[in-house]
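# quick one, what's the 3D model for this:
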Amino acid sequence: MIRPLEISQRDAAVTLWETCGLVRPWNDPYADLDRAMSGRRSTVLGAFENRTLVATAMVGDDGHRGWVYYLAVDPEYRGRQLGRALMQACETWLAGRGAPKLNVMIRGDNAVTRGFYEALGYTQDDVVVYSRRFSDAGSPSA
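Numbering: from 1, shown residues only. Reported below is the predicted structural model:
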């Protein structure tokens with residue numbers, strides 16, 4: 001069953017993200033999750049087996065396009081089409097809000113994940129992403 005996470009499941013989600021290697025030192029996964037769950041334009045979907053969280057996807061609409069982050073499937077549950085099902089749920093969630101496009105960002109050296117999205121029909125766009133991190137106070141860091 002796929003449904004939005006409840007706040008009581010945040011520890012389970014972050015543990016799953018850590019298990020799947022998605023957490024980076026410069027991102028606070030709890031802050032990311034709280035921001036997504038409290039926003040009007042975003043949510044975190046979870047797949048459950050016997051009330052146990054086994055997969056997640058953070059989905060949001062920035063007003064121009066949709067984005068998916070933290071797609072994670074517990075290694076013990078891989079091969080059961082959960083990633084595919086979560087992406088379909090994200091696409092449905094975004095289409096229901098009128099988003100014309102869904103983007104995902106994948107680290108360049110992650111060939112397995114790139115292959116997963118290609119198998120779902122996603123294609124690589126000819127773009128370069130630049131970023132700037134903000135300090136904890138919310139202002140650009142030096």
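# once you drop chain neighbours, what's closest to Leu53?
Leaving aside its sequence neighbours, Leu53 sits nearest to Ala12 (C-beta to C-beta, 6 or more residues apart in numbering; 4.4 Å). Quick note: C-beta positions are derived from backbone N, CA and C, even for glycine.
# and the longest strand seen in the chain, average pLDDT?
Identified as the longest strand of the chain according to DSSP state E is strand 52-61. Averaged across strand 52-61, the pLDDT comes to 97.
# give the contact list for Val55.
Just to correct that, residue 55 is Ala rather than Val. Contact analysis of Ala55 by C-beta atoms under 8 Å, 6 or more residues apart in numbering lists 16, 46-47, 71-74, 77, 82-83, 86.
# 7 Å instead, please
Applying C-beta atoms under 7 Å, 6 or more residues apart in numbering, we find Ala55 in contact with 46-47, 72-74, 77, 82-83, 86.
# just the buried ones from those?
46-47, 72-74, 82-83, 86 (16 or more other C-beta atoms under 10 Å).
# that older thread, part of a helix, is the residue nearest to Leu53?
Yes - under DSSP: H, G, I helix; E, B strand; the rest coil, Ala12 falls within a helix.
# give me the number of residues near it?
The burial count assigned to Ala12 is 16, neighbours taken as other C-beta atoms under 10 Å.
# same check, this time on Tyr70
22.
# hang on, the earlier thing: next structured bit after the longest strand of the chain?
strand 66-73 (DSSP states H and E).
# spatially nearest residue to Arg41, not counting backbone neighbours?
Here the residue nearest Arg41, using C-beta to C-beta, 6+ apart, is Asp61, at 4.7 Å.
# quick check: bridge partners of that neighbour?
Gly66 (DSSP bridges).
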